[in-house]
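Colleague: Predicted model, plus sequence, below.
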Amino acid sequence: MTDHTLRDKVAVIAGGAKNLGGVLSRRFAEAGADVVVHYHDDSSAGDAEDTAKAVRAAGRRAIAVQGDLTQVSEVRRLFDTTVDEFGGVDVAVNTVGMVTYSASDTLPPSPVRRSARCSGSSGPGIRACG
């Protein structure tokens, strides 16, 4: 992704502080995107800031935003912050995983709904950007 195919686009990477999300945050920056690095809680705040610094070192703008994406209000805040800081959202990537220790045939519907709500709540922020 070094051919700058994302030049001047804005990417929100949910779970973007480390692991797969951290790699994607850096790669999006290499491809020319400004990046919003989402992280869940204080335990990954340092990783989020390190990733944001790496994005800036690649010549792109970056912010780190904390939020519990199982809460619709936090998803909205993530996208509202992005719009306020960058003027819009072009790409949203969700690398956030939820671990449930149950056999799939005994899984109650609530974890499935939470996961869908986490991903689906980004729509208003993206639609607001055209």
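Modeller: Thanks, I have it.
Colleague: other SSEs contacting the longest helix along the chain?
Modeller: Ranked by number of residues, the top helix in the chain under DSSP state H is helix 72-86. Secondary structure elements in contact with helix 72-86, counted by 3 or more Cβ pairs under 8 Å, 6 or more residues apart in numbering; DSSP states H and E, are strand 10-14, strand 34-39, strand 62-66, helix 109-120, helix 123-127. (C-beta placed from N, C-alpha, C; glycine too.)
Colleague: Dump the first one to CSV, keeping only the CA atoms.
Modeller: Coordinates of each C-alpha in strand 10-14 appear next as CSV, following Å, rounded to 0.1, in the frame of the first residue of the first chain:
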residue,chain,number,x,y,z
VAL,A,10,-9.3,9.8,6.6
ALA,A,11,-9.4,6.3,8.1
VAL,A,12,-10.8,5.3,11.4
ILE,A,13,-9.2,2.1,12.7
ALA,A,14,-11.2,0.6,15.6
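Colleague: What helices and strands are in contact with it?
Modeller: helix 19-30, strand 34-39, helix 72-86, strand 91-94.
Colleague: The third one - what's its average pLDDT?
Modeller: Rounded to a whole number, the mean pLDDT of helix 72-86 is 95.
Colleague: same check, this time on the first one
Modeller: Here the mean pLDDT over helix 19-30 is 97, rounded to a whole number.
Colleague: buried set for it?
Modeller: Taking 16 or more other Cβ atoms under 10 Å as the neighbour-count basis, helix 19-30 is seen to contain the buried residues 21-22, 24-30.
Colleague: need the contact list for Gly33.
Modeller: Just so we're on the same page, residue 33 is Ala rather than Gly. With contact taken as Cβ atoms under 8 Å, 6 or more residues apart in numbering, Ala33 is in contact with 6-11, 60, 90-91.
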